[in-house]
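A.B. asks: based on what follows, work out the 3D shape:
(chains A and B)
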Amino acid sequence: MSTASVPLPGWISYGVIPLINLVIAFFFSGLVVWLIGENPFEALKYLIDGALGRGDAIGFTLFYATSFIFTGLSVAVAFHAGLFNIGAEGQAYVGGLGAALVALALDRYVPWYVTMPFAVIGAAVFGAAWAFIPAWLQAKRGSHIVITTIMFNFIGAALMVYLLVHVLIVPGKMAPETRTFLPGGQLPKLDWLMAIFGLKLGPAPFNVSFIIALVMCFLVWLLIWRTRFGYEMRTLGISPSAAVYAGIPYVRTVIIAMLISGGLAGMMSLNAVMGASARLQVEFVGGAGFVGIAVSLMGRSHPVGIILAALLFGILYQGGGDLSFEMPNITRDMIVVIQGLVILFAGALEYMLRPVMVRIYQQFAGRKSASQKLAGT
Amino acid sequence: MSLDNDKKPAIELVGIDKRFGAVHANRDINLTVAKGSIHGIIGENGAGKSTLMSILYGFYQADAGEIRISGAPVAIRDSQTAISAGIGMVHQHFMLVEDFTVLENVMLGAEGGQLLRRGVASARKELKRLETDYGLDVDPDALIEELPVGSQQRVEILKALYRGAEILILDEPTGVLTPAEADHLFRILQVLRDQGKTIILITHKLREIMAITDTVSVMRRGEMVATRKTKETTVEELAELMVGRRVLLRVEKGEANPGAPLLSVRNLTVKDGRGVTMVDDVSFDVHAGEIVGIAGVAGNGQSELLEAIAGIRKPFSGDILIDGKPVAGVDPARLRALGLAHIPEDRHHMGLVLKFEEYENSILGYHRDPRYGRGGLLDLDAIRKDAEEKIAKYDIRPPNPRLKTANFSGGNQQKIVVAREIERDPKMLLVGQPTRGVDIGAIEFIHRRIVEMRDAGKAVLLVSVELDEIRALSDRILVMFAGKVVGEKTPDAGEQTLGLMMAGIAA
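C.D. replies: Numbering: from 1, shown residues only, chains lettered A, B, ... in the order given. The predicted structure follows:
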């Protein structure tokens, strides 16, 4: 009996262990900060303050978190079907094209709440389309999805630059971007939501797509754990041979799972393109697709975990920016190091502490059952 | 001194106790193993045999108790101390490096210095001596992956002897062997015993215990319930001691009433991924109300035949007919709809998703059925209620549909599969290795269910490498060798006749 097979209660697996991992990650980050001659406690204070200290800081944190929820969900859905979608970055980028085309077409004629559903569909369809070719190649030809989705990130980036420089650019302008959307093509900010908590949003671009993200969390939960297709995806993801036995069609399941995954990644663009900049810009995704991998890993591919992990990375992004501003010794690269440590300890080394926890838990549980037995006799 | 030592038992375990959390795996175990004897330890899955041996081999530390080797107390902290105390272990799953040679595997961990040259020469000499002394014939320069399973096992034994083992522990050694290979192993064990080695044999097969051991100890639920001289006990007594109640070892069944053919196979040829022909031009019928057994040594095409009929493997040529309708190449979902149920050979990789909760596995393959949900959504309440009914009817323990499937014992896992496939009331039932790794109590239960299916007029096709099982259950026996059906016999054909056919010698 190895410790891996010993069941731990959920509050340890999903509460205590991630928390301890996070503390260790911050401990080593502090060590790095201390090594370059800064005070780690002060740095932590700047980080927290910069992410959560003011209304606009919280607004930015939630704005980043929104993007990460979308990309985290995208990676998680594919992961449940046993597929490692590294292409959320590219799918979000191309998804932006879908959102922008809808916004450009409708913003003059209708208010935002009419544009929004079409934009959601546009972003999802374009993101899904970008995931379709790798999905088809995996399902039909066995080309590894990790390789093809990485390649499609590059192809997508090149395609978008071409379109923005040659096709979508405003004639006579230098910047490779579309025209600014009118209010009918923008997603409004959630200042009213912040006002409930007595906070002022200020310039932060926290917007309606946060609510769309939460709705998607619920729908993904429903899809994975409450639908027949989700059951098929999970069977395929855990045991491909059992899926064959059960008559679950491989090609169909892989393609549909990747279309959903790509669609969710595409929706990330609603937040950045229609919620923040009100235009389609070069490289608006800014790495959110890759952060989604870490978010999904850390959130154990569960929507609730993904929301929490996305918030954590939102804090690191927003607070990290403030930190490097306040402490010039800590450059942007140092922030990336800290984020890397969090990913390492909270995501990749997830199982490092498990055997220790199992031993502690067993001692505790053994004593408990022994004392129960004593009480019983 | 040596004389004195000879009288002392090889191993004494005194008051060994071990807990894993809430599980009490070993309770106050006392065991004495005489020097130069073969001592069997039997018990159902989860009785604590493996835990006890792991304590003896240093994988676990006992919470309480003492281990004495040749009368002297020894603290066995890890496998290194176990080896230096003269204990060797042959695991159920071999611990060999597949693309090393026999010699390299034997030397592994005992290379004798940084440079291999001298170590290789002395190892080769020692290996030669072990071979001549004990009749362990293996080519020292053969690659492990090219050796048959029986020879790989002999390498494991050589490894232990090379390290100076006086006491050999074998954990379920015949699980992977053909009957002939098992006989060969038993002859080696007898030679080893006659040369003064002590052997502990862990198994749940009563026949092996009766055939080879001198003494047998029975474990049940973490306790050592009895120790008997093998000569003075019977299979019935041991079975009763193991299970804790009287067990029916023979399958009770009446005459078959075969009806019309339900499942027909015509000139079926199946190739594997490399293009090797695994099933070669096979034809037969299975009628309603009969059990047809396919006997054969593992790897002679039975698995591929079963998978082709179940729709898992595409046939290369030939026809499969259900009720006269051709279904070759049809996918498993459609075959289920046609009334074909399948208890697969490998429940861990096919029949179950071990990470799923029990109720989730109770619908595997039938998850699109209208009774388990509406539209695209699953109705978890209905599924769990259905799972609970099956748990009650098949006495699956623990009776908890929310428990992870991996945490059920082998017998209970198999019951989950059997319940799912039989409760659908199919017209045809494919059964592969229904009792592999399943304890005696559950074997009896599963066999009875299969016979009930036959009596209810279903067509049953049974594949098993356990010849006893084939003979006990089947109404007709087809023997497969090298992908072909080499003959048909009735179950009263002698074991020897069938054995020769399985070896491809007589038809």
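A.B. asks: and A:V356, what pLDDT?
C.D. replies: A:V356 is assigned a predicted lDDT (pLDDT) of 82.
A.B. asks: same check, this time on A:V32
C.D. replies: A:V32 is given a pLDDT of 89.
A.B. asks: what ranges do the helices span in the stretch 1-150 of chain A?
C.D. replies: Here the stretch 1-150 of chain A has its helices, by DSSP state H, counting those that start in this stretch, at A:10, A:17-35, A:40-52, A:55-80, A:88-106, A:112-136, A:145-162.
A.B. asks: of those, which is nearest A:L222?
C.D. replies: Taking CB to CB, helix A:55-80 is the member of the helices of the stretch 1-150 of chain A nearest to A:L222, at 11.8 Å. C-beta: built from backbone N, CA, C; applies to glycine.
A.B. asks: starting at the chain centroid, how far to the closest one?
C.D. replies: 4 Å (CA atoms, centre = their mean, to the nearest Å).
A.B. asks: strands of the stretch 151-300 of chain B, start to end?
C.D. replies: In the stretch 151-300 of chain B, strands defined by DSSP state E, counting those that start in this stretch lie at B:167-171, B:198-203, B:215-220, B:223-229, B:261-271, B:277-287, B:290-295, listed in chain order.
A.B. asks: which among these is found nearest to chain A?
C.D. replies: strand B:167-171 (14.0 Å; CB to the nearest CB).
A.B. asks: ok, the closest one near chain A or not?
C.D. replies: No. Using CB under 8 Å from any CB of the partner chain, strand B:167-171 never reaches chain A; the gap is at least 14.0 Å.
A.B. asks: just put the strands of the stretch 151-300 of chain B in TSV and tack on mean neighbour count, distance to A:T66 and mean pLDDT.
C.D. replies: What follows is those, written out as TSV (neighbours: other CB atoms under 10 Å in any protein chain shown; distance: least, CB to CB, whole Å; pLDDT from 0 to 100):
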stretch	mean neighbour count	distance to A:T66	mean pLDDT
strand B:167-171	23	55	92
strand B:198-203	24	58	92
strand B:215-220	23	58	93
strand B:223-229	16	59	93
strand B:261-271	19	53	95
strand B:277-287	19	54	95
strand B:290-295	25	59	96
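A.B. asks: could you export those as JSON lines, including distance to A:A76?
C.D. replies: What follows is the strands of the stretch 151-300 of chain B, written out as JSON lines (distance: least, CB to CB, whole Å):
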{"stretch": "strand B:167-171", "distance to A:A76": "40"}
{"stretch": "strand B:198-203", "distance to A:A76": "43"}
{"stretch": "strand B:215-220", "distance to A:A76": "45"}
{"stretch": "strand B:223-229", "distance to A:A76": "46"}
{"stretch": "strand B:261-271", "distance to A:A76": "39"}
{"stretch": "strand B:277-287", "distance to A:A76": "39"}
{"stretch": "strand B:290-295", "distance to A:A76": "44"}
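A.B. asks: so which of those strands gets nearest B:G36?
C.D. replies: The nearest among the strands of the stretch 151-300 of chain B, by CB to CB, is strand B:198-203 at 6.2 Å.
A.B. asks: which residues touch the single nearest residue of chain A relative to chain B?
C.D. replies: In chain A, no residue comes nearer to chain B than A:G247, which is 3.0 Å away by CB to the nearest CB. When contacts are counted by CB atoms under 8 Å, 6 or more residues apart in numbering or on different chains, A:G247 touches B:311, B:331-336, B:365.
A.B. asks: no further questions, thank you.
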